[in-house]
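Enquirer: my questions concern the predicted model and sequence given below.
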Amino acid sequence: MSTGLTRVWERLPLKKQAAQSGIRVFSQQQPEIEDEEEFRVLNLRTVKQQFQRRREVRRDPVTPPRTNRMAVDQDWTAAWPAPRSFHPASVPLPLRQGFTERGAAAPSKFANAELMKIPNFLHLTPPAIRQQCEAIKKFCSPWPKGLETEAKWQRHFPVEVITTDYLQSLPTIRNLEARRVTISLKLSDLKFDAHARDKFLRLVGDRYNKDTDTVTFVTDRCPLRKQNYDYAMYLLTACYHESFVTEPWEASKSEADMEVYLFERNQSKIAAEGILNWSAKEGDNKISPPPAYAQCVEQLINEGENEYNLAKYKEEVKKMLNV
Amino acid sequence: MFLSRHLRLLPRASIARSLGSSGAHYTTAASSNAAPAEEDSPFEIPNRIERTPTDILQALAGTVGRDHTAPHYKFHDDPFLIPMSNAAKRTYAMSKESGRKAAKWIKEEHRELFLHQEAQPAVEKFAPSMVYTENSEVDESSLQQLIAQSEVKDAVLVYNLLEQKGSPISADLKQSLLELVCFHNNQEPLPEEYIEERWFIQNNRRRDRHGKTWKDGDLAEKLYAEIEPKTPQAYASLIRGMAKYLQCERAYALLQEAGEKQIQLDTNTFNSIIEIVSYLKDTAEQRWQLCTELLQEMSQQKLRPNLGTLNAVLQCISTFGNFKLARSSALQVLPEFKQLGVNPSLGTYYYLLIIFCRERGPVSHVIVDILNDIAGKEFQIEHPKDTYFFATAMDVCRNHLNDKSLAKKVDELLHTGKNYDLVGDSFKESVYYRNYLALLCQTESIEDFMLTYDLLVPNIYIPEPGIMEEILRAIEINNAVEHVPRIWSDMVVFDHTHRESLLLSVLRIMVDNKPNAELPAQQQLPEQCAKVALDMYERVEEAMKRLRKVSFTGQMLGNILTLLVRGGNFEKASEVFAHIDKNQHRIPGTPAESALHEYVEASVQEKSPSQALAALQYAVENNMESSALAKLIHEGFTLNETHLAKLKTLVGESFLDK
Amino acid sequence: MLQALKSLRWAQPLRALSTSTAGTQPIVSPKTPAPEPDKLYSKLEIELRGIDPAVLKSYTWFATTAADHLGIEKGKCWSPRKAHHERMTLLKSVHIYKKHRVQYEVRTHFRYMNFHKLTGSTLDTFLEYIERNLPEGVALQASKTELQQIPEHLRQPPEQV
Amino acid sequence: MNFLKKLVPQVALAEAQLLSRSSIHTSAVCCRVQSGRYRITTKRNRPLTYEMANPPHFIGHRKSWNSWNTSTLEDGLRPSQTAIEDVFIRKFMTGTWHALVCSEVIIKRQHNTIRIAALIRQAITPRKMYFLIGYTEELLSYWMQCPVTLELQTVGDKNDVIFKYI
């Protein structure tokens, strides 16, 4: 108050202030100084006189837990509709949780942090699941009739594309692993001729599993799943088409490069023909060795000599030569 | 070479087998598969069921009902934090929001701390907003973006910067800025994320639609002046802005100007003018004339009227003081619009209700037809006035027709589908429930009413003192004293205990309906009533200390005394009586004689003659009928000398002689 | 008053309104995308990881029950008997006492579920539903095996090469 | 030696500064500090909550985890960031709700939301609590860029959470 006054006076013109009695200003200021500089007693032996009881805060009574008012036949799905930490005043169950020494009761549900920690499934009670499934059923469609077994769907849908979704508790929804795409199909579902099949297998290398007769492409070199899928399909297409190309240098494959014995292009065919056409004249039809014999020879050389193959070879030679 | 190199990668035998079976023929899927029996059973692949990203959530949310024991989900579900009065509801919600505002302020103030990028995809709202200053580099695209985000202040700032720099602004952009400025009247709107503020805003600030708030000569008009030649859109946005902020005369003048210049305006512009017809003309006839003129003009311009037109016309009609004219013109308008294929919204029905159901007008049953029409329908918000319907309908049900079954129908409609979204704001919601509860407690039996009461109170609606009084009256009429303890505890929680009239009626009910101890259901009742009375006594005592306006009257204290006596709490009763005795001069009025009578009877039973004599003394001092009391005391006790002497001094010798 | 009302010829402007509407544009029907055939999935394999096996078990029960209600064919549901342990051995004190060590370990429990024969809509719905209800502290991997036809260009060998 | 004499006062000053800056280190013995273990007092009056009463090796057996996330699992992403964020959340909670938090702060991460549970003393008015709830939720979600929800339980007295005295 007084400071306010003095400030007002300061703003007044100097003369006027002089005209006003200076004593009054003083007389008003002085008691204030006294107020400020009240003499403080040094409290050597800490006497507890300064300890004042804090004003009692009036508190409204906390209402009793609302579980008291819950009906016995209440709709629990409405009371607990979504995942939420446990709260004792909202769950009408006499729960206890916690380890105690033998004989003591476990801590009750009130002020029990253990119950708040554990993920509860109170929002996923069987009736809740049933209700919710009824609600989302309209977005589902049944599996088509006529594709019940694996054999049936494999005939119409031979290509399998495997993708993986990842769900973790992170601020980001990206996961590097999710870009991976796997495409697999049975080799028998593609149409090949001998050369193409051979070349295709060579092109895909160890992506072919001979036990299950499947080719599998796993792609993860592009950043996105869609790109990887496209890339895998591209690989499949490229390999398939490439396998039908016969490059000029493929003709130069010599006998030493052959990986299997083929009767058609070997000396033994010429030899057998020579024997069979021993007495034939120039214009006669050449007799070629029977296919059974050819097969037998291939088998003998490709699979190696064993008793069965040898015996069969003997039979075939006899048959061919009519011995 | 290439082939042979690859060859080594393959197992030998497999190649042998594959080559061995070779020929020139192709192997196909069909021939290799040994399943000839079920060769080609036909199958049909179902179509994909299209759904939007939130459809499943909506479906799941549809299964969730309302739990009446739980508070609204914006409140924390903890006994300490559940609001228990209307004031608390408002305070809690608002303080939560102000906490959010504080956080936002910190984010904006220390923006350098919040520039990190954690979330993928990024959430825009979590990052600090762009700040535009005098020095920022701006171009047209940033202005466009700001307009799209409807940031009025920033958009205007950027516009001014662009003006200063002299960079050209396309006509389209200018038009959209004009629209933005006109819509918000060059004021920053209330941010959308603070829904609680919106929800409670009507409570204290009743939107007064009477004053002009349009800023004359402000940016909007400047922008408008800059647009040359004047486009119909420019006219439309300026007219609509002026009409919205009630610069009525100029809006109408502009409309006429546009009409003279043969400028084709759109329907909504005309709607906005029709809405303010009541400000342009004074009498109902003039208003209606202007309204029809405007409609005629619309038809000349081949404009198709829409829902907004219908509601605007009805709004205009609803301002007519002339009831008959309003009625007849409303009845003419409705079929016309029906013919045009304009479907009425809830706002339309709201206007119909206020046109037909006037306070001093004749009783109209238009609401019956409306409810028959729309029962069981689910509504979307289509017009700003749609949210007024439910509160008004319930008001009509209670005050105009006083019809319980209609009220139930309205309530049913409100709880159909998502109609509850249209309840408006907290003010309208409480008006709705106020009327609903008041109507029910007047018309329904007390048991049925208490069922509804239990459902609604306190989480959906907390009764105001006026409604509490109605409820108490209903209880009094039905002699349902057994509900009083429950109501009293609610009153305590809702902070109604300083209303004298409420206290009085609670006490009166309990005193006048003396419970029958024989009935098993009422055995606990005297005790409970005594508890209530004691609680009340203590509360009022405390309230008096804290200088609240409530204070005792003699009658109240007498009632409390009676109840305590009945409840067998003689100790407290004598304490209360001591209070009465001591503060005779401060307490206005005296307790009822019956109260003293019962007290004396009880003291006879408790064998405490001094209390009884004190009561007698009090009666004598206050000129009450004392002889009966004296008789009671005399017959009840065997009095000793001092007591006898006192008795004599109080009522005189003559009494003893009898 | 009523006389005056009648003289204003109400009906005219309104009727004029109704005629004017005839000429205006027809109501545009909302564009519906052409229905596309659904995808087919032969298998959905779900791998769950978590720190608490009981939570995983409850969640599995929930998922399989939901699958039952939605009519999805369940396959094998199993979990390996032992958890994966990741151990770290540190000195118990900060610098000294090399002989006293403390071991920390993080256990990861696994659980697998298989579902068969789902259409694309079913799979999306089911997966979204169970993913939304995934409890805290549980990671989920869903491997989907989609069935596709052989692309048009691979059905016949190329004509010319 | 003359030149030394000149230097002496300066050296002394430097020494004094050095001494005052790194005088004798008097912190507690670090080698015996262990987290989550409490010593018995002579008067047997140290209050322990259930959480404190069970040492860390009982996690998963007698008591449960305080942080629920997938980062610590095998192949979990951003484990270090998650740990740091959890520390931040705990500090923020105990600081913002000063002297009110009576238990450990439980952090649950589900999808991209973070749910924070704790026991809170009823020492301030609900109005102030609501302010703090709004403030904490909003600020933490700005910081973590995830929606944050508080799931508090209030207790009337801080003695309610005490499990035993040692």
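Expert: Looks like it came in fine.
Enquirer: now the residue nearest the centre of chain C: how far from chain B?
Expert: Nearest to the geometric centre of chain C sits C:Glu128, at 2.4 Å (C-alpha atoms, centre = their mean). The gap separating C:Glu128 from chain B is 5 Å, by C-beta to the nearest C-beta, to the nearest Å. C-beta: built from backbone N, CA, C; applies to glycine.
Enquirer: over to C:Leu40?
Expert: 7 Å.
Enquirer: and the pLDDT at that residue?
Expert: At C:Leu40, the pLDDT value in this model is 90.
Enquirer: neighbours around the nearest residue to it once chain neighbours are set aside, how many?
Expert: Nearest non-adjacent residue to C:Leu40, counting by C-beta to C-beta, 6 or more residues apart in numbering or on different chains: C:Leu147, 4.4 Å away. For C:Leu147, the neighbour count with other C-beta atoms under 10 Å in any protein chain shown is 19.
Enquirer: helix, strand or coil for C:Leu147?
Expert: The assignment at C:Leu147 comes out as strand when based on DSSP: H, G, I helix; E, B strand; the rest coil.
Enquirer: what's across from it in the sheet?
Expert: A:Glu160, C:Leu40 (DSSP bridges).
Enquirer: can you tell me the SS state at the residue nearest to the centre of chain C?
Expert: helix.
Enquirer: any idea how far C:Ser121 is from it?
Expert: Counting by C-beta to C-beta, to the nearest Å, the separation of C:Glu128 from C:Ser121 is 11 Å.
Enquirer: what's around the closest residue to chain A within the stretch 451-600 of chain B, how many residues?
Expert: Of all residues in the stretch 451-600 of chain B, B:Val493 sits closest to chain A, at 6.8 Å by C-beta to the nearest C-beta. Per other C-beta under 10 Å, the neighbour tally for B:Val493 reads 18.
Enquirer: got the contact list for the residue nearest to the centre of chain C?
Expert: B:Ile56 (C-beta atoms under 8 Å, 6 or more residues apart in numbering or on different chains).
Enquirer: now the residue of the stretch 451-600 of chain B closest to chain A: which helix or strand?
Expert: Using DSSP states H and E, B:Val493 sits within helix B:484-494.
Enquirer: just checking, what packs against that helix?
Expert: Contact here means 3 or more C-beta pairs under 8 Å, 6 or more residues apart in numbering or on different chains; DSSP states H and E; on that basis helix B:484-494 packs against helix B:465-478, helix B:500-512, helix B:525-545.
Enquirer: now with 10 Å?
Expert: For helix B:484-494, the packing partners by 3 or more C-beta pairs under 10 Å, 6 or more residues apart in numbering or on different chains; DSSP states H and E come out as helix B:86-109, helix B:446-456, helix B:465-478, helix B:500-512, helix B:525-545.
Enquirer: check which residues of the first one are buried.
Expert: With burial defined by 16 or more other C-beta atoms under 10 Å in any protein chain shown, the residues of helix B:86-109 counted as buried are B:86, B:88-104, B:106-107.
Enquirer: if we can go back for a sec, quick one: the residue of the stretch 451-600 of chain B closest to chain A from B:Asn86, how far?
Expert: With C-beta to C-beta as the criterion, B:Val493 and B:Asn86 are 12 Å apart.
Enquirer: again, but for B:Val152
Expert: From B:Val152 over to B:Asn86 (counting by C-beta to C-beta), the distance is 33 Å.
Enquirer: where along chain C do the strands fall?
Expert: C:40-50, C:73-78, C:84-91, C:101-119, C:138-148 (DSSP state E).
Enquirer: quick one: work out the angle between the last one and strand C:40-50.
Expert: By that I understand strand C:138-148. Orientation of strand C:138-148 against strand C:40-50 (axes from the mean of the first three to the mean of the last three C-alpha atoms, to 10 degrees) gives an angle of 170 degrees.
Enquirer: who does strand C:138-148 touch, helix- and strand-wise?
Expert: helix A:150-156, strand A:159-167, strand A:181-186, strand C:40-50, helix C:53-70, strand C:101-119, helix C:120-132.
Enquirer: where among those is average confidence lowest?
Expert: Looking at the helices and strands packed on strand C:138-148, the weakest mean confidence is helix A:150-156, a mean of 85.
Enquirer: show me what that helix is packed up against.
Expert: Partner elements for helix A:150-156 (3+ C-beta pairs under 10 Å, 6+ apart): helix B:29-32, strand C:40-50, strand C:101-119, strand C:138-148.
Enquirer: circling back to that earlier point, joint contacts of C:Glu128 and C:Ser121?
Expert: The contact sets of C:Glu128 and C:Ser121 overlap at A:139, B:51 (C-beta atoms under 10 Å, 6 or more residues apart in numbering or on different chains).
Enquirer: got a list of what C:Tyr129 touches?
Expert: Counted by C-beta under 10 Å, 6+ apart, C:Tyr129 has contacts A:129, A:132-133, A:135-136, A:139-140, B:56, B:59-60, C:62-63, C:66-67, C:70.
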